[in-house]
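Q: model this:
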Amino acid sequence: MSEEQAIDLSHLDIGRVGNANPVQERVAFFRNLYRRGVLSLRLLFDGRVPFKTKLLPIVVIGYVLSPLDLIPLILTGPLGVIDDLVLITFAIDRFLQNVPPELLVEWAERLGYTNEDAPMLEAGG
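A: Next up is the predicted model:
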């Protein structure tokens, strides 16, 4: 995509946290993680998103739902879910970076994830 065709994502409230206190940062982190998850699910079911772009989240969802685990719960207890959370977060971020920006904007706006004052997701990756 050329610079003239770049789509402005600055108004979408699905990105990084700005200068806030630690409690506000954590609340914003989990709010944004939830929003990015919902946005990703909507985009996964959008037929306009190329299958190649959907492949990573599909594989990660399959891994998380499978009985296989890189770090067995027997060895780590409840902390064994950390590898799943890291994979899910990574897959969401990569997926949203690779979705066509116009679809990202369309779905974020449909879901009401806009905020003129918020620092947001950067285009491309």
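
Q: helices along the protein, start to end?
A: 22-44, 51-65, 73-76, 82-98, 101-110 (DSSP state H).

Q: helices and strands of the chain: which one has the lowest mean pLDDT?
A: One helix or strand of the chain scores below all others by mean pLDDT, DSSP states H and E: helix 73-76, with a mean of 73.

Q: confidence-wise, which of the helices of the chain is weakest overall?
A: Mean pLDDT values for the helices of the chain show the minimum at helix 73-76, a mean of 73.

Q: restrict it to CA atoms and write it as CSV.
A: Output of helix 73-76 as CSV, limited to C-alpha atoms (Å, rounded to 0.1, in the frame of the first residue of the first chain):
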residue,chain,number,x,y,z
LEU,A,73,0.2,-28.4,33.9
ILE,A,74,1.7,-31.2,36.0
LEU,A,75,5.0,-29.4,36.1
THR,A,76,3.8,-25.8,36.4
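
Q: ok, back up a step: let's have the helices of the chain in a markdown table, adding mean neighbour count.
A: Placement of C-beta: from N, CA and C, glycine included. Below are the helices of the chain laid out as a markdown table (neighbours: other CB atoms under 10 Å):
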| stretch | mean neighbour count |
| --- | --- |
| helix 22-44 | 15 |
| helix 51-65 | 14 |
| helix 73-76 | 10 |
| helix 82-98 | 16 |
| helix 101-110 | 17 |
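
Q: residues touching the residue nearest the centre of the chain, list them.
A: Closest to where the C-alpha atoms of the chain average out (CA atoms, centre = their mean) is I92, at 3.4 Å. I92 makes contact with L33, R36, G37, S40, P57, according to CB atoms under 8 Å, 6 or more residues apart in numbering.

Q: try it again at 10 Å.
A: L33, R36, G37, L39, S40, L41, L56, P57, V60 (CB atoms under 10 Å, 6 or more residues apart in numbering).

Q: same check, this time on V59
A: L87, A91.

Q: how far away is it from F95?
A: The spacing between V59 and F95, counted by CB to CB, to the nearest Å, is 11 Å.

Q: so W107 touches R36, yeah?
A: No. Assessed by CB atoms under 10 Å, W107 is found out of contact with R36, at 11.2 Å.
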